[in-house]
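A.B. asks: I need the structure of the sequence given here:
(4 chains, ligands or ions: 4)
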Amino acid sequence: MESVPAVAFRGVSKSFGPVEVLHDVTFSVAPGEIHALLGENGAGKSTLMKILGGYHPPARGEVRLGGEPVHFAGSRDAEARGIVLIHQEFNLAEDLTVAQNIYLGHEPGGWLLNDAAMVRGAREALGRLGVRLDPRTRVRDLTVPQKQLVEIARALSRQARVLIMDEPTAALTPHETETLFGLMRRLRQEGVTIVYISHKLDEVKAISDRVTVLRDGRYVTTAPTSDLTQGQMANLMVGRELEAMFPPKGQPGTEELLSVEGLDVPGWAQGVSFTVHRGEVLGFAGLVGAGRTESFEGLLGLRPHHVASVRVKGRPVRIRNPGDAARAGVVYLSEDRKGKGLHVDFHLRPNLTLMTLDHYARPLLDIRAEREALRRAAGEYHIRAGRLDVPASSLSGGNQQKLALAKILEVSPDVIILDEPTRGVDVGAKREIYHLIGRLAEGGKGVIVISSELPELLGVCQRLLVMREGRVVGDLSAEHLTEQEVIQYATGLKVDEVGRTDRVHA
Amino acid sequence: SQSTPRQVIGVSIPSADHGWTAGVVYHANQAKAALEKKYPNVQIIIKTAKDSTEQANQIQDLATVNKIGALVILPQESAPLTRPVANVKAKGVFVTVVDRGLTDPKAQDAYVAGDNTAFGRVAGEYFVQRLGASGGNVVVLRGIPTVIDNQRVAAFNAAVAKNPKIKVLDAKYGNWNRDDAFKVMQDYLTRFPKIDAVWASDDDMAVGVLRAIQQARRKDIKFVVGGAGMKEMIKKVMDGDQMMPVNVTYPPSMIADAMRLTVESRVTGKPMKATTIIPSVLVTKANAKQFYFPDSPF
Amino acid sequence: MSTPNPPLPEVAPPRVTPRSVLTRLGTLGPLLGLLALAVVATLLNPDFLTASNISNVLTRAAFTGIIAVGMTFVIISGGIDLSVGSLAALIAGSMILIMNSLKGSLGAGVGTILLGMLAALAIGALAGLFHGTTITRGRIEPFIVTLGTLGIYRAVLTYLAQGGAISLDLDIGDRYSPVYYGRLLGIPIPILVFAAVALLGGLILNRTRYGRYVQAIGSNEQVARYAAINVTGVKIATYVLLGVCVGLATILYVPQLGSATPSTGLLWELDAIAAVIIGGTALRGGSGRIWGTVVGAVLLVTIGNVLNLTNIISVYLNAAVTGLVIILVAFFQRGRR
Amino acid sequence: MSTPNPPLPEVAPPRVTPRSVLTRLGTLGPLLGLLALAVVATLLNPDFLTASNISNVLTRAAFTGIIAVGMTFVIISGGIDLSVGSLAALIAGSMILIMNSLKGSLGAGVGTILLGMLAALAIGALAGLFHGTTITRGRIEPFIVTLGTLGIYRAVLTYLAQGGAISLDLDIGDRYSPVYYGRLLGIPIPILVFAAVALLGGLILNRTRYGRYVQAIGSNEQVARYAAINVTGVKIATYVLLGVCVGLATILYVPQLGSATPSTGLLWELDAIAAVIIGGTALRGGSGRIWGTVVGAVLLVTIGNVLNLTNIISVYLNAAVTGLVIILVAFFQRGRR
Ligand SMILES: Nc1ncnc2c1ncn2[C@@H]1O[C@H](COP(=O)(O)OP(=O)(O)OP(=O)(O)O)[C@@H](O)[C@H]1O
Ligand SMILES: Nc1ncnc2c1ncn2[C@@H]1O[C@H](COP(=O)(O)OP(=O)(O)OP(=O)(O)O)[C@@H](O)[C@H]1O
Ligand SMILES: [Mg+2]
Ligand SMILES: [Mg+2]
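C.D. replies: Ligands and ions are numbered 1, 2, ... in the order given. As a prediction, this is how the structure comes out:
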């Protein structure tokens, strides 16, 4: 493109131990553009960006900034040169407040810190994202999307010349994503160079100027975004033709597998009622704060709650904790993979069998059978790992998600509740998860999918419930399953009388 | 009993955790040097233990590994060490027990002891005599919960009971420790507007007690009696200190006496007296000089 | 699956980098430390290697070792228990009083002793139940709860003993003493019990559901809860298990000295926790190993034994040597996390 | 913004659930505990509320209180220090020996005493530096390192004292004693120093970069590292800070009795750690508060004081009451996390 690129990678390689995860990567990013970086889980995107951000030194090759080679001793060095990285994993100290996190390492003030200025600055940075959140809240008390927003606000509070965003929208709803994009466009006008990583190809298509694709740590290509369709991007990432993303939708049966009436989760949800049938994929849509996650955590006994009745296959059950639920055949996959879904310090094997250890207790655990199960699950769910005897933390995000899914499916449940099942997962893996959901339904299970990605809900679900302010406000199926309808319900433009309406506004 | 073969003598004592035990360690080491010089065929091994279990382990090691012929032991506690000492004796080791008698006297060959009952009684008798017919208010600081402490306090109480005018206001644990004694005394001073005398029952505790009284500038307390003969306190008695008129001996050097008697008996073959009691006596200005050891750490 | 999948990425060759060799060595740290100590000890005094000395050392390690095995579970699950020493004292005292009082009706026989043992285990289990329940349902930090009971148990024992000692009836003591002093197949009984507890502990930790759950809770309690594990129950069980271990250790301890005093079991908690940590279990929980704990317990006792067998330094400095060895051993196995 | 946005989703209303009121109350737990204790104490013995008794209590709390302030930083940063009591003893002994030996050249004046104080602070700082460096660069668990030095320091002191006492020269003692026994504006100097340390500690923890970094490291070390915080340096500094606090506490302690013995500072570590935890700092680090620690330290001393002032229960059970009160106070402030 132009004369001097803002950022240029020249033959960058990187190894962790004996494994080379980046091989000879060379490409450049023009000043003032939004440059998308694509690749499968584990392709090396985050690693490359950490090199740019000064967190890792490259093993070979060099990074050039405005034409001149740079060698960062650490992230502080890089920040001094105007390079700011929004991390993919949350990098927030949970015990500190939002404002304290936003300014961590950059506190204003002399001998004494200027807390008032930090709160003001934090409020302003959050405000730019359209988030109204008290900066004095402890991060521990935030929800996943809120943490994501704080992470973004932190980067925005630095004066960035090069802003790296590693999957900033993974946990955001379309509305928040739109606000963020508005902000990115404005930054671009101000001359900020943005490198943007995402697995949401529609977003990439909408926001970026050019796209670079990595595959297995190697540079594949760079092209103007307008030259590529989403399908072409996907094919470049996986290096082969991807077939249809979504499986064909089957016909739900009539047997009621799980029927919930009048579920209240104080402070979060009121009078939530729904039924899922055999062979059905039921979606839950809604904006951030709609209370979907909390409803299901309540249902599982993970939060204080009250429920009028829960029936599984017609029989009333009492669920006080996830153990009761699992015994009744109901399992839940949390949206918070690291915090609630997976023991990242554990190896794959104990993670997989954690919920089904009684199958292996005779009475001592049969480790060999567990290994066998892992080998089977790795094949069945396409969990890709160099070796199977490694900690879960060494898997890429998508493969961690597949492992977490495999874990709950080991229970052979009747009803599977999946909360944001494809968050941070690449297209290939997403496709595998969609097909898995299809197969589960086909096999006679009831599947509930909670997701902030409307296309995915529309793609896999036969029926959609829309939640708003803790209540179910819409029940859409067949021809009503359109983006337009969902948004109207989610934003309150349209309200149905769904389920029990006698419990409005607790 | 033969004069030529090597004699290995084990000495097992509590480790130095307050003044009196420090004195024991000091005197044991002095005696070792002197005895090994005097009897070249004698080897003495001194072990210190921080609690009963460790001491039981040590005497086991002394018997099985160091192959001692005689054991001089000052037990941490009587009851817990009775069986382990009996086991050592059963292996043919000559056992001299010092200070704290075992619950089963059959477990020992000889006994060299201070007199805890006398320690409390002598102090109590001094209180009766000094406070006279008018009596007075007395506070007591106890040591660490042990049999020794129980014996001393019981004897003191029995002695002062002879004068019904003497009132023991309270007796709390000061753990043979200066800091704890300081705190307990501070609180006694807060609580009791009139105290005539303090039985600190130990010279380490007396140090803390004196400081607390000094701090409160209380004039009602006529005197403080410690015990066991720490050199600084004996010095005070010698110098005629008003607050510290007397002391009661409980000499840590009894370990040296026991070692000397045991070694002599082993080397000469003469039997040792079954029981040697080292009396607790009242130290006054008159006789203080003979209890003053300025080189000892105690 | 429905579509043909691309070949799995090649399996990386087994990696034996210098780092991983060091890591392996690190894992064996405490064992190497123990061996090094044994070599030094033998050089200083060849008697160290005699069968009788080794059997002495292992017998001694049994008390805190058995407790440390239970402590390993508590620490792996993310807890701590400071009260074990006091609890041992209280159990010893209660057990002796119970046996003494049973002598009248049951005589000084096996029946009395068995009932005493049963009482010991029951008291330990109850104390553990109290700890576990207060910590989980009462939501109080384990450090606080067990610091509190540390004071309470020892005070109750002091009260029972009226400041002195509680002594076992001599007849009962004679019948009971083989439990500590006796041998089976030439091996002292405490060693056998210790070995059995360690094996059982290792088996439970690594080869049962319960052990897996303990590790899962210590690694991430939230994830464990979401995975349908009864977190409260498992945690309470670790404290009960530890309480039973304390009871068992006391059952072996009582015939050794035949009495309980206010100083019985003093600082055992420090020894037990130190054994666990030296053995390579992280204080913050999540993972650990029983054999490491066993080596840690033996190591701590061996230091004392070597100091007893030799005479090279001032008696005042014994504790300094112990401290130094502990730090050195930890240095060997450092940097694994 | 450049694109028209759909209306903002409504903000969830601020939720004031009963839970959050309880949480607020919970934060004040230790203070309420202290007040309750004071009320009970006054009912039992009205002398409790006299100025002289309160000044005694606060003066006593100063030693472990000052150490506990330093310990708060160490614990918040995710560490622990078991050696503080032994270190205090060693500093006390060394300081006395140094001052005694300076008397010859400098006389028994202020110069000698100031040099002694300087030595105390320097030894404390050096010990802290050693702990911090061994823990961070040597990558050894803090529990192990300070368990080791716990033994070493006290052993060295015992060696220096030959098991007995190291006594301060009487002339120096007379000049020095106002540091403990003196008053300024009617308030004992140890209380003033304690207050100053607490205020300064609170300021450093909550209002300086360093304090913020300590919390960040304890909360998530990786995050702190990513925020370009010098984790190693900050951690070492917490141990040095604690070492200096121990030195300061010892400077106040020495003129009290004018001597150091092997039992000086015994179990101070337990008191200091307990004060921190009772004050509401989590043992696993990340967050905490200085004022809570101060209340915790005063609370612990008050329990002992109340027990000395009254006579309602057997002396044997004193420790039980202490334990019970600790658990009860913790119960008040439970369930905050
Ligand atoms: N610190 C590390 N140590 C060892 N291996 C690592 C480390 N960080 C990353 N890897 C490995 O490097 C490879 C590239 O990881 P990276 O995080 O860059 O992938 P990514 O493209 O960002 O994937 P995702 O889309 O899942 O975020 C992966 O195989 C990963 O397991
Ligand atoms: N402006 C806001 N003020 C306060 N809380 C908010 C705000 N916006 C969002 N939240 C909180 O963020 C949470 C959103 O995260 P979460 O994922 O848990 O929401 P959900 O509706 O339960 O599920 P999902 O996001 O999957 O729809 C909501 O529970 C809501 O309370
Ligand atoms: Mg990534
Ligand atoms: Mg959600």
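
A.B. asks: For the residue in the stretch 101-250 of chain C positioned nearest to ligand 4, list the residues it contacts.
C.D. replies: Closest contact between the stretch 101-250 of chain C and ligand 4, by C-beta to the ion, is at residue C:226 (13.9 Å). C-beta here means a position set from N, CA and C on the backbone, and glycine is covered the same way. Residues near residue C:226 by C-beta atoms under 8 Å, 6 or more residues apart in numbering or on different chains: A:302, A:322, A:332, A:334, A:340-341.

A.B. asks: do residue A:206 as well
C.D. replies: By C-beta under 8 Å, 6+ apart, the residues touching residue A:206 are residue A:181.

A.B. asks: Distance of it relative to chain C?
C.D. replies: Computed as C-beta to the nearest C-beta, to the nearest Å, the residue A:206 to chain C distance reads 28 Å.

A.B. asks: how about the nearest residue to residue A:131, chain neighbours excluded?
C.D. replies: Spatial nearest neighbour of residue A:131, chain neighbours left out: residue A:149 (4.9 Å); criterion: C-beta to C-beta, 6 or more residues apart in numbering or on different chains.

A.B. asks: Over to residue A:32?
C.D. replies: The shortest distance from residue A:32 to any non-neighbouring residue, by C-beta to C-beta, 6+ apart, is to residue A:191 (4.9 Å).

A.B. asks: that's a strand at the one you found, yeah?
C.D. replies: No: counting by DSSP: H, G, I helix; E, B strand; the rest coil, residue A:191 is not part of a strand but coil.

A.B. asks: Does stretch B:40-54 reach chain C?
C.D. replies: Yes: legend: contact between stretch B:40-54 and chain C by C-beta under 8 Å from any C-beta of the partner chain is shown at B:45-48, B:51-54.

A.B. asks: and if you look at stretch B:93-103?
C.D. replies: Yes: judged by C-beta under 8 Å from any C-beta, stretch B:93-103 and chain C are in contact via residue B:103.

A.B. asks: centre of the chain versus that stretch, how much separation?
C.D. replies: 15 Å (C-alpha atoms, centre = their mean, to the nearest Å).

A.B. asks: Extract the CA atoms of that stretch and return them as CSV.
C.D. replies: In CSV, the C-alpha atoms belonging to stretch B:93-103 read as follows (Å, rounded to 0.1, in the frame of the first residue of the first chain):
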residue,chain,number,x,y,z
VAL,B,93,21.5,-48.6,81.8
PHE,B,94,22.0,-47.0,85.2
VAL,B,95,19.5,-44.2,85.5
THR,B,96,19.8,-41.2,87.7
VAL,B,97,16.7,-39.0,87.7
VAL,B,98,17.0,-35.3,88.6
ASP,B,99,14.5,-32.9,90.0
ARG,B,100,11.3,-34.3,88.6
GLY,B,101,10.6,-37.7,90.1
LEU,B,102,9.1,-40.4,87.8
THR,B,103,5.6,-41.6,88.5
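
A.B. asks: can you tell me the average pLDDT over it?
C.D. replies: In this model, stretch B:93-103 carries a mean pLDDT of 88.

A.B. asks: try stretch A:435-451
C.D. replies: 93.

A.B. asks: need the contact list for residue 43.
C.D. replies: Because you didn't say which chain, this covers chain A. A:214-217, A:237, A:426.

A.B. asks: you looked at the wrong chain, it should be chain B
C.D. replies: By C-beta under 8 Å, 6+ apart, the neighbours of residue B:43 are B:6-9, B:36.

A.B. asks: If we use 6 Å, what do you get?
C.D. replies: Going by C-beta atoms under 6 Å, 6 or more residues apart in numbering or on different chains, residue B:43 touches residue B:8.

A.B. asks: Please determine how far it is located from residue C:41.
C.D. replies: 20 Å (C-beta to C-beta, to the nearest Å).

A.B. asks: quick one: residue A:444 and residue A:277 touch, right?
C.D. replies: No: when contacts are counted by C-beta atoms under 6 Å, residue A:444 is not listed as touching residue A:277 (10.2 Å).

A.B. asks: Who has more neighbours out of those two?
C.D. replies: residue A:277 (18 against 12; other C-beta atoms under 10 Å in any protein chain shown).

A.B. asks: on that earlier part again, name the SS class of the residue nearest to residue A:131, please.
C.D. replies: Classified using three-state DSSP, residue A:149 is helix.

A.B. asks: Need the pLDDT of it.
C.D. replies: 88.

A.B. asks: again with residue A:322
C.D. replies: 93.

A.B. asks: How many neighbouring residues does residue A:460 have?
C.D. replies: Neighbour tally, residue A:460, other C-beta under 10 Å: 25.

A.B. asks: swap in residue B:127?
C.D. replies: Neighbours of residue B:127 using other C-beta under 10 Å come to 24.

A.B. asks: where does the stretch 401-506 of chain A dip in pLDDT?
C.D. replies: A:497-506 (pLDDT under 70).

A.B. asks: Return the residues of it in contact with ligand 2.
C.D. replies: A:450, A:452 (C-beta under 6 Å from any ligand atom).

A.B. asks: Can you find the residue of the stretch 401-506 of chain A that comes nearest to chain B?
C.D. replies: residue A:407 (47.9 Å; C-beta to the nearest C-beta).

A.B. asks: Burial check on the residue of the stretch 51-200 of chain B found nearest chain A, number of neighbours?
C.D. replies: Residue nearest to chain A within the stretch 51-200 of chain B: residue B:53 (35.9 Å; C-beta to the nearest C-beta). By other C-beta under 10 Å, the residues close to residue B:53 number 24.

A.B. asks: What strand or helix carries it?
C.D. replies: With secondary structure defined by DSSP states H and E, residue B:53 is part of helix B:52-64.

A.B. asks: which helices and strands sit right next to that helix?
C.D. replies: For helix B:52-64, the helices and strands in contact under the criterion 3 or more C-beta pairs under 6 Å, 6 or more residues apart in numbering or on different chains; DSSP states H and E are strand B:7-14, strand B:42-49, helix B:78-90, helix C:51-76.

A.B. asks: if you average pLDDT over the helix or strand just after it, what comes out?
C.D. replies: Remark: after helix B:52-64, the chain's next helix or strand is strand B:70-73, criterion DSSP H and E. The average pLDDT within strand B:70-73 is 93.

A.B. asks: Pairing partners for strand B:70-73, with directions?
C.D. replies: strand B:7-14 (parallel), strand B:94-98 (parallel) (DSSP bridges).

A.B. asks: Out of those, which gets nearest to ligand 1?
C.D. replies: strand B:7-14 (54.7 Å; C-beta to the nearest ligand atom).

A.B. asks: Show the subsequent helix or strand relative to that closest one.
C.D. replies: Strand B:7-14 is succeeded, C-terminally, by helix B:19-38 (DSSP H and E).

A.B. asks: That next one and chain D, any residue contact?
C.D. replies: Yes: Helix B:19-38 is in contact with chain D by C-beta under 6 Å from any C-beta of the partner chain, via B:19, B:22, B:25.

A.B. asks: buried residues in that helix?
C.D. replies: In terms of neighbour count (16 or more other C-beta atoms under 10 Å in any protein chain shown), helix B:19-38 has its buried residues at B:19-32, B:35.
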